[in-house]
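Peer 1: Curious how this folds, go ahead:
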Amino acid sequence: MDSAFKDAVSESILERLTEGESLSTICADDAMPDRRTVQRWQLDDADFDAAVTRAREAGMHVIAEKAVAAAKKATDASLGRLAFDADRWYLGKLSNAFSDKVRHVGGDEGDAPIKMQVQEVRRVIVDPSNPDAT
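Peer 2: Residues are numbered from 1 along each chain as shown. As a prediction, the model looks like this:
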């Protein structure tokens, strides 16, 4: 494949991801490579893979902004709420920034649960009239 063509196509993919388009939608365009080709490019090129991740994250913010704007303009409250909730669910699944749950990322323990050991349990009576005393 021509390197200049690949660079131009890659740049177009990144721009469209930044605007909130999904990779599936982009790859459905006849002028674009199929999804597997793009994924192969990501596996072969760490810089492109990182750029895709950054572009997707930027695109998530565009989707969120559009969801809020659409919800505010909705004339049917229940349909507006349904559409907003669908976008919120989608964003929460794809991006830590929009997740309702805090997820641990990285670290030596990987995805293993954090184990805690209780050393001591104490009962402390606090006098409300003297908050400095413990």
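Peer 1: How about the most centrally placed residue in the chain, nearest residue that isn't a chain neighbour?
Peer 2: The residue lying closest to the centre of the chain (Cα atoms, centre = their mean) is Ser95, at 1.3 Å. Leaving out its chain neighbours, the residue that sits closest to Ser95 by Cβ to Cβ, 6 or more residues apart in numbering is Met60, at 4.5 Å. To be clear about C-beta, it is placed using only N, CA and C from the backbone, and glycine gets the same treatment.
Peer 1: ok, the one you found - contacts?
Peer 2: Gly20, Leu91, Leu94, Ser95, Ala97, Phe98 (Cβ atoms under 8 Å, 6 or more residues apart in numbering).
Peer 1: before we move on, back to that, pretty sure the residue nearest to the centre of the chain contacts Glu57?
Peer 2: Yes. With contact defined as Cβ atoms under 8 Å, Ser95 counts as touching Glu57 (6.2 Å).
Peer 1: quick one: which helix or strand includes the residue nearest to Ser95?
Peer 2: Assessed by DSSP states H and E, Met60 sits inside helix 46-73.
Peer 1: in that helix, what counts as buried?
Peer 2: Phe48, Ala51, Val52, Ala55, Arg56, Glu57, Gly59, Met60, Ile63, Ala64, Ala67, Ala71 (16 or more other Cβ atoms under 10 Å).
Peer 1: Hmm, Thr37 and the first one touching each other?
Peer 2: Pointing back at Phe48 there. No. Contact between Phe48 and Thr37 fails when scored by Cβ under 8 Å: they sit 11.9 Å apart.
Peer 1: Kindly present the buried residues of helix 46-73 as JSON lines, with separate columns for pLDDT and distance to Ala86.
Peer 2: Formatted as JSON lines, those follow (pLDDT from 0 to 100; distance: Cβ to Cβ, whole Å):
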{"residue": "Phe48", "pLDDT": "95", "distance to Ala86": "30"}
{"residue": "Ala51", "pLDDT": "96", "distance to Ala86": "28"}
{"residue": "Val52", "pLDDT": "95", "distance to Ala86": "24"}
{"residue": "Ala55", "pLDDT": "95", "distance to Ala86": "22"}
{"residue": "Arg56", "pLDDT": "93", "distance to Ala86": "18"}
{"residue": "Glu57", "pLDDT": "92", "distance to Ala86": "20"}
{"residue": "Gly59", "pLDDT": "94", "distance to Ala86": "16"}
{"residue": "Met60", "pLDDT": "91", "distance to Ala86": "14"}
{"residue": "Ile63", "pLDDT": "91", "distance to Ala86": "11"}
{"residue": "Ala64", "pLDDT": "91", "distance to Ala86": "12"}
{"residue": "Ala67", "pLDDT": "90", "distance to Ala86": "9"}
{"residue": "Ala71", "pLDDT": "89", "distance to Ala86": "11"}
